[in-house]
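Give the three-dimensional model of this entry:
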Amino acid sequence: MPELQEAELRLAEAAVAPAKKRYFMRFTRHQRNLHAVLFTTFLGLAATGLPLRFSESIWARTLAGAVGGFGAILFFHKLCALVLTLAFLVHLRDILIRAFVNHEKGIFWGPTSMVANWKDVKDLWGHFRWFLGLGPKPKFERYAYWEKFDYWAVFWGMVVIGFSGYAMWFAPFFARFLPGWALNAALVIHSEEGLLAVLFIFSIHFVNTHLRPDSFPMDMVVFTGVESEEEFKKKRSTEYARLAAEGKLEARLGEAPPSWYVKASRIVGFTAVAIGLTLLVLTLSAYFI
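Predicted coordinates for the structure are as follows:
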C-alpha cells in the first residue's frame, strides 16, 4: 500500500508540474559561424569603405587619422574582403554538396528552400492586406519572403560588389581583357552598390530581423541556433504544422542555450547593431553636413 500511495503521489505531482520548455533547432553551429563571419566582416567593410567613400567628411578624416591614415583603412578593407570571400565560397561549397552529393531534396524548390515561390507572393500580398486591416496575418514556412529577399540581396551584393572590388584591386590583370571604361565603371559600381548594401543592411535588415514586435529588441536565434516552441509556433506556424504532420518535429528538438551564452550573444548583437546604426547616421550626415 505505501508503494501504491507513493506512485499515485508522483503521478499527481507530474500532472500539476509545468511542462518543460522545449527548444527547436533552427540553425546549425556551422551556419551560425558563417553568419558571425558575415556580419563581422561586413561591419569591417562598412567601417572602412565609408571613410573611403566620404573621405572629405570630418568624421572620415578623424577615423583615418586614428588608425594610421587612409592607407591603413584600405588595408583593413581588403583584409575583410578576403575573409568574406572565403566565407562566401564555403557557403557555395555547402550548397553544392547538399544538392549534388547528399541529394538533399527541396534545397532549390519547396517549403525549405531559399528560392522564392508562389507562396511567397501570396504571403507578401497577404501581409499588405494585414497591414491595412483587410485580412488575417499570413502564416509562414521555414523562411519568410523578406528573409529570402535578404539572402538574395547579399548573394547579389557578393557577386557585384566583390567582382568590381577585385577588378579595382587587381586592375593591371583585368586591364588585359577589359576596356578602360569598364574599370571606371567598376569604381562607380563598387561605390554605389556598397553604399546601397550598407543602407539596406543597417536599416531594412535590422528592422525586419530585430525590431519587429515578434523579435524586439533582439532576435537571438541566429546566435543560439534554437528558439522556444512558443516562438516557433508564432513565427513559423506553417512549418511547425508541417513537421508535426510529417512526424519530424521531435527530430528538430534542441537544448536550451546557457544563460551566460545568451547574455554574451546579446552584448555582441547589440554592439553590432549600435555600430551599424552609428555608421548609418554618419553616412546620412555626409550628405547634409
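
Beyond the helix or strand containing residue 59, next helix or strand please.
Taking DSSP states H and E as the criterion, residue 59 maps to helix 58-67. Sequence-wise, the next helix or strand downstream of helix 58-67 (DSSP H and E) is helix 70-96.

buried stuff in that following helix?
Within helix 70-96, the residues that count as buried by 16 or more other Cβ atoms under 10 Å are 70, 73, 74, 76, 77, 80, 81, 83, 84, 87, 88, 91. Where you see a C-beta, it was placed from the backbone N, CA and C, and this is true even at glycine.

Quick one: name whatever helix or strand follows it.
Next element after helix 70-96 (DSSP H and E): helix 118-131.

centre of the chain versus the helix or strand that that following helix is followed by, how much separation?
Once helix 118-131 ends, the next helix or strand along the chain (criterion: DSSP H and E) is helix 145-169. Centroid separation between helix 145-169 and its chain, computed with Cα atoms, centre = their mean, to the nearest Å, is 13 Å.

circling back: would you convert the buried residues of helix 70-96 into JSON lines that also reports distance to residue 204?
Formatted as JSON lines, the buried residues of helix 70-96 follow (distance: Cβ to Cβ, whole Å):
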{"residue": "70", "distance to residue 204": "29"}
{"residue": "73", "distance to residue 204": "26"}
{"residue": "74", "distance to residue 204": "28"}
{"residue": "76", "distance to residue 204": "26"}
{"residue": "77", "distance to residue 204": "23"}
{"residue": "80", "distance to residue 204": "22"}
{"residue": "81", "distance to residue 204": "23"}
{"residue": "83", "distance to residue 204": "24"}
{"residue": "84", "distance to residue 204": "20"}
{"residue": "87", "distance to residue 204": "22"}
{"residue": "88", "distance to residue 204": "21"}
{"residue": "91", "distance to residue 204": "21"}
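
before we move on, the earlier item: can you name the residues in contact with the helix holding residue 59?
47, 50-52, 54-55, 70, 72-73, 76, 282, 285-286 (Cβ atoms under 8 Å, 6 or more residues apart in numbering).

Looks like residue 32 contacts residue 225 (just checking).
Yes: with contact defined as Cβ atoms under 8 Å, residue 32 reaches residue 225; the gap is 5.4 Å.

one step back: kindly indicate which of the contacts of helix 58-67 lies nearest residue 219.
Set against residue 219, the nearest of the contacts of helix 58-67 by Cβ to Cβ is residue 47 (22.8 Å).

Now that closest one: closest residue in space, sequence neighbours ignored.
residue 279 (6.4 Å; Cβ to Cβ, 6 or more residues apart in numbering).

Three-state assignment for the one you found, please.
helix (DSSP: H, G, I helix; E, B strand; the rest coil).

State the number of residues packed around residue 146.
By the criterion of other Cβ atoms under 10 Å, residue 146 has 19 neighbours.
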